[in-house]
Structure formats: structure tokens, C-alpha cells
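S.K.: Quick one: sequence plus predicted model below, questions after.
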Amino acid sequence: MNSSSEIVIIGGGIIGLAIAVDLKLRGATVTVISQDFQQAASHAAAGMLAPHAEELPPGAMLDLCLKSRWLYPEWVRKLQDLSALEVGYIPCGILAPVFDIPKSQGDATWLDKEGINHYQPGLGSEVVGGWWYPEDGQVDNRQLMKALHQAAQRLGVNVLEGVTVEAIAQKQGKVSSILTSRGEIEGQTYVLASGSWVNQLLPLPVRPVKGQMLSLRMPREPHQPLPLQRVLYGPGTYLVPRQDGRLIIGATVEEVNWTSGNTPNGIKTLLDRAIRLYPALENWPIEEFWWGFRPGTPDELPILGRGFCDNLVLATGHYRNGILLAPVTASLIADLILQQKTDPLLSHFRYDRFFSKPLSTPMNTNGTQPLQFASVNGSSSIPQLPEPSTEDHLIIAGRKFRSRLMTGTGKYPSIEAMQKSVIASECEIVTVAVRRVQTKAPGHEGLAEAIDWGKIWMLPNTAGCKTAEDAIRVARLGREMAKLLGQEDNNFIKLEVIPDPKYLLPDPIGTLQAAEQLVKEGFAVLPYINADPLLAKRLEEVGCATVMPLGSPIGSGQGIKNEANIAIIIEQSKIPVVVDAGIGTPSEAALAMEMGADALLVNSAIALSKNPPAMAKAMGMAAQAGRLAYLAGRMPLKSYASASSPLTGTVV
Ligand SMILES: Cc1cc2nc3c(=O)[nH]c(=O)nc-3n(C[C@H](O)[C@H](O)[C@H](O)COP(=O)(O)OP(=O)(O)OC[C@H]3O[C@@H](n4cnc5c(N)ncnc54)[C@H](O)[C@@H]3O)c2cc1C
Ligand SMILES: CC(=O)[C@@H](O)[C@H](O)COP(=O)(O)O
């Protein structure tokens, strides 16, 4: 497949489809690509339209939600007309029963025990009262998804189901096409609406937040209304009665990454809370269990508006309120694309709120100072080194570096220790694990912002990737991450394909495959390899920028165990050889440089030392000393002693 469409939307959840329908109604040519309509959070949701019951604080998010709730009646009427399907929209109001009398009662309508039981008989005996939110409501989100799908197809949106977008190709600051499991697709404008999966394509801080759900069948007596008429939004659970007699019970909120499935604990928790709220349901038949992944952002606000490239629009991160926010998102994004109209509300939801540039900010959000480099040589406790020769540069992919030591960012006792160590080492290249930075893994929170990327060249690495495909995907994210942090022209990637968790030894075949592909995509590839001279040669032939043979396993501190093979690699390579991993002491660092390695990468030995900045300085000195020694040339080895002082003129 090689096709083009004016606007290409990635993701066929409620957000992608709602935008597609809106754009199409305004005359655009639209394609929607979705790998799996059923996996969407939009199917899993409860369908509450609940800005008030969710207790959103006053501000831009509440304004956005209220605007969307206001748009709902007209929006669903239009969809029902287009699709000829009912979507179960009911502005039924939401009751929020509580078990403790609240301290303050704010503006919302408070109902005492008698009042709330009047609205909803049969509540648990512990309910002491509750709030009444008359304007909140619900929609049957599964029906709504069917209607959106139908409307899109009837309008002539090109809906591609079962197609996965694998990469977003860019040229000169614009998205040029997208690469999919069925070929390349071109458009003029691209909308990224792939929910929780968005950071598989771009480094946005969106993570899956799992929610488990179940449904019961409510008893239906002849000529009687269903026992529950309104949404009950209780402490830790909610009950959403559908007109067809199902009762939806939700939802857990779990930070378990992509762990799928329902668990006994999840379901038990929901049922316990639901029965406490409305005891009669304990005898109703269970119909279904399911789960879904909410697209969560660090501040729980969506990401909306232009992003990364001129012709790329972002619409993701709707977290708990994506069903509610669909109409307003569709309308604002269509205005933006077709009329270049930027609603003032959108300014609160820009993607770059997560990427503060440390150069212009005196203090990062986590309280750590960004790196300052000017005073390094004035630092008191660390000895000074002579200026290295200005002629002797390390050159990788045409880029010059004075320092021949690269460092990492993991395993440090604190961000501050890492910052000081980077400064003390005088390194100019720091490698960062794309995945850990993206997911803000423990120890990596605020890491990207803690380094002054105006001074330090970022070497994104594919740590954590077990296959070539995985590494290629993460490498692409790494390039975006470097761009976001201000290094527009950074195409470096430290390629790690490591299937083996015990020794962390790289997979040579996967590494070669990934390297070939990444070189084709224009990356400067720095592959981490076992010290295998033949593999090193092949990697050089496919166009890698360096090779990075390991001294010994990562983090082992065993030093240079592969000396003979590393020597062969050094001898035969026309590209720089960077000895990476296993270096435990400065003497081992110096040894690698004396052997003729072009550079070193040292992480654990510095980070795990009792005084990381001092060890970093020592490693920097060792790299320089080893390099100077290599350039100076070693004295010849001899089998016998030869006196140091001349023997001529000795007194007999
Ligand atoms: C248990 C639960 C309860 C919820 N309850 C409510 C509620 O009551 N009210 C409310 O307003 N919100 C609720 N939400 C939140 C709401 O469901 C989400 O915010 C919303 O569905 C997000 O929609 P989306 O279109 O952005 O993402 P999704 O619905 O997840 O859709 C994303 C789509 O993109 C596709 N995709 C991903 N990557 C790719 C790729 N690389 N190539 C092609 N396609 C791709 C996926 O297959 C998927 O179809 C709930 C969510 C959950 C999980
Ligand atoms: C940070 C990094 O890239 C490491 O995987 C690298 O290989 C360094 O290894 P040590 O931690 O053994 O120095």
C-alpha cells in the first residue's frame, strides 16, 4: 500500500474517530489508521460525562470538560443521524454518596441521608448523604464507538483497521509520511491520537493506567423502572446503569504498565465497594469482566495542539475523561487544522509543558540545578589537568569531541551526584536510556532536564530492548527526545540489543539487523557489541559510526577481559573504537586507551563509587593519560634489565 490522504489520523479510538468525522463534515479528505479498534480505552470506559462528580478543580481542564459536556447533546444527535444508531446518551445527573460527612459543602447540592435515599432508594446503611450533580450524565461508549465508526464510513472517511503505524518519517522539520505495517502513507497533516500507545511513536510522557471493570444484569420487573436510574459515583467505585439493563461497575486505577487481564483482587475490590454502596446488587448475575488502559500524563491533563513538526497535531493523554472530552477535542482540533484557529484553551494543553529547557530555567521542577560548566576548572577539591592537545580530537560521524570519555546517568545515588560527576569527568557525551527517561523509571525522574544539553552531546541508548524491532523503534524515539531537548541535528544512537538478562550480552544478529536499518534511516549508529572482530568489521561495512566492544559484562567492574580481541578490533577498524562496559578502575580505563581505543564509556564504576565525582575525575584523567601514553608510544618490552643510568664514565 502506498497511498496519500489530505489528513491522516493515527488511532481509531473515540478521539481519532471524532476528529475524523468533524474534519470530514467540513470537507476534508481523511484517513484513520488503527491497529485494533477493540483494544481502545474507548471500548473499556464507563461512559460517564462527569466533570463535577470527578471533582475537577476550577481551571482550564474543568472549562474544557464543561464545554464538551455542553456540546454533547448536539454532537450525539448528529452522530445518531449520520449512523442511524442510538448511543444511549442520558443527561441523568450523577449522585455521589459518601460514608463520612464532608467538612465543607462548597457550591454543589448536598443531600442528607434522607434526601439521597429519596433520590435513590436502597443505598447502603453507611451512606450518610451525598452530592447531586444534575448536569452530569452518561453515554453508552460502546454504542457511541459503533456510531462513530459507522458515521465515519458513511461519510467516506478511509478507515484502515488492523494497520499499525510503525514510524513517523520526517524531513526538514515536517512529517513526510508514516510507515505502517501495510506500507507508506502520505498526507499533508497528521494527527496523532493513539491513546496510551502514543509514546511508541513519539517521546511523549503518556503512560497506560489500567482500569478493571465488570458488569451485572439488573433485575427487571414487569412495568417497573430499573432499580438504578442514575449513575452512583461512590468512594472508590461507580455504578453506571444502562438502559438495556446492564450495570457497569468500575474501575480500578492501577500503575502496572501494560499488564493485561482481570485479577481476583481487582474484581473483589470493586465488588466489595459496590456492595457497600448498594447492597442489593450482591445477588445480581455477573455478565462480563474487562479492562482497559487510560492514557495518563504526569499532570493528568490531555496533550492537544501542534507538536514537534509543523504538520503534526497531537490529541492524546485524555486519561479519565476522554469520552467526555471527545466533542470538544474534535472541534478544537478541526478548527486548528482547517482554519489555523488556535482556541486560547489549547495553550494549557501544549505538549512542550513537559519539556522545560534547562538553559533558560534556573531551577528544574524536581529542585535540582541544571548542569553548569563554566566553573569546572575552578572546582576546589578536584585536581586540575593540563589542557589536552587541541589537535587530538575524537571524531564520530563528523562531529568533534575533545574528551574521550563518555559517561552514563544510571545507578547514581542522586541526580546531584550524577550532575557533579558529569562535570568532574569533563566528558562531552552522556548516554541516556530512552525508555527509562520516557517512563520516568525510578532514578530517572527529571533526568533529561538535569543536564545542560546545550553543552553535553546526548547519546540516546536503546537499553531494555531485546529485539532488533524494539531497538529500531526506541532509536526513533531517542532521536525525537534529543530534538525535544534542543539537539535538532542529533542523529546519534547507542544501539543495544540485549535479550540476556543475566550477563547482559548483546545479540550480534539482532544488532547487525537493527544497525543496517538505522543506518538506512540516517542514524549515526554506535553499536554495543561483544568483542568480536568479524562482527565489528561487518558493522563498519554497513555504515556504523563506531563500534563499542565490551571490556566485560555491563556493571560487572571486571575490567578488560577481552584484551586480545579488542586489540584486533582496534587494529582493523577505520571507525572509532569505544571500549564500553565492565571498566572498574581508572587503571583499566587507561589500559584500554593505551591499547589504542579511541574512547571509553564508563558508568557503573563512577556511579557506584563511594565518591562518584572524584571517581569521575579520575576516569577523565585516566582517559587522557591513556591517550597521551598511546600517542607517545610505549617503550619496547625487554626480557632483561637495562640500567637506567649510562654506564659510561662510571668510577671503577
Ligand atoms: C476502565 C476505564 C474507564 C473509563 N471511564 C471513563 C468515563 O467514564 N468517562 C470518560 O470520559 N472517560 C473514561 N475513560 C477514559 C477514556 O476511555 C479515554 O480517555 C479515551 O477512551 C481515550 O481515547 P483515545 O481515542 O485517545 O484512545 P483509545 O481509545 O485507547 O484509542 C487509541 C487507538 O489507537 C490505536 N493505536 C495505538 N497505537 C497505534 C499505532 N501505532 N498504529 C495504529 N493504531 C494505533 C489503538 O489500537 C486504539 O484503537 C475510562 C477509561 C478506562 C480504561
Ligand atoms: C550506561 C551504559 O550505556 C552502560 O550500559 C554501559 O555499557 C556502561 O557499562 P558499565 O556500567 O559497566 O560502565
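M.R.: All right, it came through fine. Ligands and ions are numbered 1, 2, ... in the order given.
S.K.: mind listing what the closest residue to Pro576 other than its chain neighbours touches?
M.R.: The shortest distance from Pro576 to any residue other than its chain neighbours is 3.8 Å, reached at Asp598 (CB to CB, 6 or more residues apart in numbering). Glycine gets a C-beta too; all of them are placed from N, C-alpha and C. Shown in contact with Asp598 (CB atoms under 8 Å, 6 or more residues apart in numbering): Leu394, Arg404, Thr546, Pro576, Val577, Val578.
S.K.: Just the buried residues of those residues.
M.R.: When those are checked for burial by 16 or more other CB atoms under 10 Å, the buried set is Leu394, Arg404, Thr546, Pro576, Val577, Val578.
S.K.: What score does the fourth one have for pLDDT?
M.R.: We note a pLDDT of 94 for Pro576 in this prediction.
S.K.: Surely it and Leu394 touch.
M.R.: Yes. Pro576 lies in contact with Leu394 (CB atoms under 8 Å); the separation is 6.4 Å.
S.K.: okay, and the common contacts of these two?
M.R.: With CB under 8 Å, 6+ apart applied, the overlap between the contact sets of Pro576 and Leu394 consists of Asp598, Ala599.
S.K.: what residue ranges in the chain score low on pLDDT?
M.R.: Applying pLDDT under 70 to the predicted model, the residue ranges of the chain that meet it are 1-4, 105, 356-390, 439-444, 646-652.
S.K.: quick check, distance from the host helix or strand of Ile472 to the centre of its chain.
M.R.: Using DSSP states H and E, the element containing Ile472 is helix 468-484. The offset between the C-alpha centroid of helix 468-484 and the centroid of the whole chain comes to 11 Å, using CA atoms, centre = their mean, to the nearest Å.
S.K.: And it, what does it pack against?
M.R.: Contact analysis of helix 468-484 by 3 or more CB pairs under 8 Å, 6 or more residues apart in numbering; DSSP states H and E lists strand 165-171, helix 434-439, strand 457-461, strand 492-495, helix 508-520 as its packing neighbours.
S.K.: between the longest one and helix 468-484, how big is the angle?
M.R.: Orientation of helix 508-520 against helix 468-484 (axes from the mean of the first three to the mean of the last three CA atoms, to 10 degrees) gives an angle of 40 degrees.
S.K.: wait, is Ile9 part of a strand?
M.R.: Yes. Residue state for Ile9 (DSSP: H, G, I helix; E, B strand; the rest coil) corresponds to a strand.
S.K.: What residues does it make contact with?
M.R.: Residues touching Ile9, when contacts are defined by CB under 8 Å, 6+ apart, comprise Gly16, Ile19, Ala20, Val30, Thr31, Val32, Ile33, Tyr190, Val191, Ala193.
S.K.: what about 6 Å?
M.R.: If you count contacts by CB atoms under 6 Å, 6 or more residues apart in numbering, Ile9 has them with Gly16, Ile19, Ala20, Val32, Val191, Ala193.
S.K.: which one among those gets closest to ligand 2?
M.R.: The shortest distance between ligand 2 and any of the contacts of Ile9, using CB to the nearest ligand atom, involves Ala193 and amounts to 33.9 Å.
S.K.: Show me what counts as buried in the helix holding Ile472.
M.R.: Neighbour-count burial for helix 468-484, counted by 16+ other CB under 10 Å, picks out 468, 470-484.
S.K.: Quick check: the farthest pair among those?
M.R.: Largest separation among the buried residues of helix 468-484 by CB to CB: Ala468 and Leu484, giving 24.8 Å.
S.K.: for Cys88, what are its contacts?
M.R.: Small correction: residue 88 is Gly, not Cys. Shown in contact with Gly88 (CB under 6 Å, 6+ apart): Val139, Asp140, Gln143, Gln243.
S.K.: Please repeat the previous calculation with a cut-off of 7 Å.
M.R.: The neighbours of Gly88, taking CB atoms under 7 Å, 6 or more residues apart in numbering as the test, are Val139, Asp140, Gln143, Arg242, Gln243.
S.K.: Just the buried ones from those?
M.R.: Buried positions within these, assessed by neighbour count (16+ other CB under 10 Å), are Val139, Asp140, Gln143, Arg242.
S.K.: can I get those residues in a markdown table with distance to ligand 2 and secondary structure?
M.R.: Supplementary listing: the buried ones among the contacts of Gly88 in a markdown table, determined by distance: CB to the nearest ligand atom, whole Å; DSSP: H, G, I helix; E, B strand; the rest coil:
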| residue | distance to ligand 2 | secondary structure |
| --- | --- | --- |
| Val139 | 48 | coil |
| Asp140 | 50 | coil |
| Gln143 | 50 | helix |
| Arg242 | 52 | coil |
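S.K.: Can you pull the domain assignment for the protein?
M.R.: Structural domains of the chain, as assigned by automatic domain parsing, span the residue ranges 1-86+137-205+297-358+368-386, 94-134+207-292, 394-632.
S.K.: Including distance to ligand 1, could those domains go into a markdown table?
M.R.: Formatted as a markdown table, the domains of the chain follow (distance: least, CB to the nearest ligand atom, whole Å):
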| stretch | distance to ligand 1 |
| --- | --- |
| domain 1-86+137-205+297-358+368-386 | 2 |
| domain 94-134+207-292 | 3 |
| domain 394-632 | 10 |
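S.K.: who in the chain is up against ligand 2?
M.R.: If contacts are counted using CB under 6 Å from any ligand atom, the residues of the chain sitting beside ligand 2 are 408, 410, 431, 461, 554-555, 580-583, 601-605.
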